[in-house]
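Asker: with the sequence up front, the predicted model follows.
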Amino acid sequence: MVELLGEFQPHNVAIEMPFFNRTIKAAGGVLQAFGVINLVCHRETGVIPVYLHQSSWKCHLGYGKADKNEVADMVQVLFNLETLPIDDSVDAIGIGYAGLCGLRNNID
């Protein structure tokens, strides 16, 4: 992560906020990873990541309950792409785009 931040020198970092149900056992590990991401981003770039709810970044693309195919369709239109794989990278592009456009969750 340090190498990526050094190479690309982002001014903003957007991450999807995790959703946990009551039975998840990996929550501690996920939250520890988020702590490391916060630390490294702030230490290396001075940027504190923005955490976006899944429904909020999807709403920014058009529909808060969009499935992966619908997200991919919107990303293709926004970026004028001929093809796009339907995988987690589509979500990452959508999250990054929403963060770049200034979407923020007001969590106080």
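Answerer: Okay, I see it. Numbers count the residues shown, from 1 in each chain.

Asker: now stretch 86-105: average pLDDT?
Answerer: Across stretch 86-105, the average pLDDT comes to 87.

Asker: element containing residue 82?
Answerer: Here residue 82 sits in a region with no helix or strand, counting by DSSP states H and E.

Asker: burial check on it, number of neighbours?
Answerer: Using other C-beta atoms under 10 Å, residue 82 has 5 neighbouring residues. To be clear about C-beta, it is placed using only N, CA and C from the backbone, and glycine gets the same treatment.

Asker: tell me who's in contact with it.
Answerer: residue 76 (C-beta atoms under 8 Å, 6 or more residues apart in numbering).

Asker: I'd like the distance between it and residue 76.
Answerer: Noted for residue 82: a distance of 8 Å to residue 76, by C-beta to C-beta, to the nearest Å.

Asker: and residue 92, by the same measure?
Answerer: For residue 92, the distance to residue 76 - C-beta to C-beta - is 15 Å.

Asker: what residues does stretch 60-75 touch?
Answerer: 55-56, 58, 78, 81, 84, 86-87, 90-91, 93-94, 97-98, 101, 103.

Asker: so which of those are in helices?
Answerer: Judged by DSSP state H, the contacts of stretch 60-75 include 55-56, 58, 78, 90-91, 93-94, 97-98 as members of helices.

Asker: can you tell me which of the residues you listed are buried?
Answerer: Using 16 or more other C-beta atoms under 10 Å as the burial test, these include 56, 58, 90-91, 93-94, 97-98 as buried.

Asker: CA atoms only for stretch 49-60, dumped as PDB, please.
Answerer: The C-alpha trace of stretch 49-60 is given here as PDB (Å, rounded to 0.1, in the frame of the first residue of the first chain):
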ATOM      1  CA  PRO A  49     -10.000   7.800   3.700                       C
ATOM      2  CA  VAL A  50     -13.700   8.400   3.200                       C
ATOM      3  CA  TYR A  51     -15.900   5.400   4.000                       C
ATOM      4  CA  LEU A  52     -19.000   5.100   1.800                       C
ATOM      5  CA  HIS A  53     -22.100   3.100   2.400                       C
ATOM      6  CA  GLN A  54     -22.800   0.700  -0.400                       C
ATOM      7  CA  SER A  55     -26.200   2.200  -1.000                       C
ATOM      8  CA  SER A  56     -24.800   5.700  -1.100                       C
ATOM      9  CA  TRP A  57     -22.200   5.100  -3.800                       C
ATOM     10  CA  LYS A  58     -24.600   3.000  -5.800                       C
ATOM     11  CA  CYS A  59     -27.200   5.800  -5.600                       C
ATOM     12  CA  HIS A  60     -24.500   8.100  -7.000                       C
END
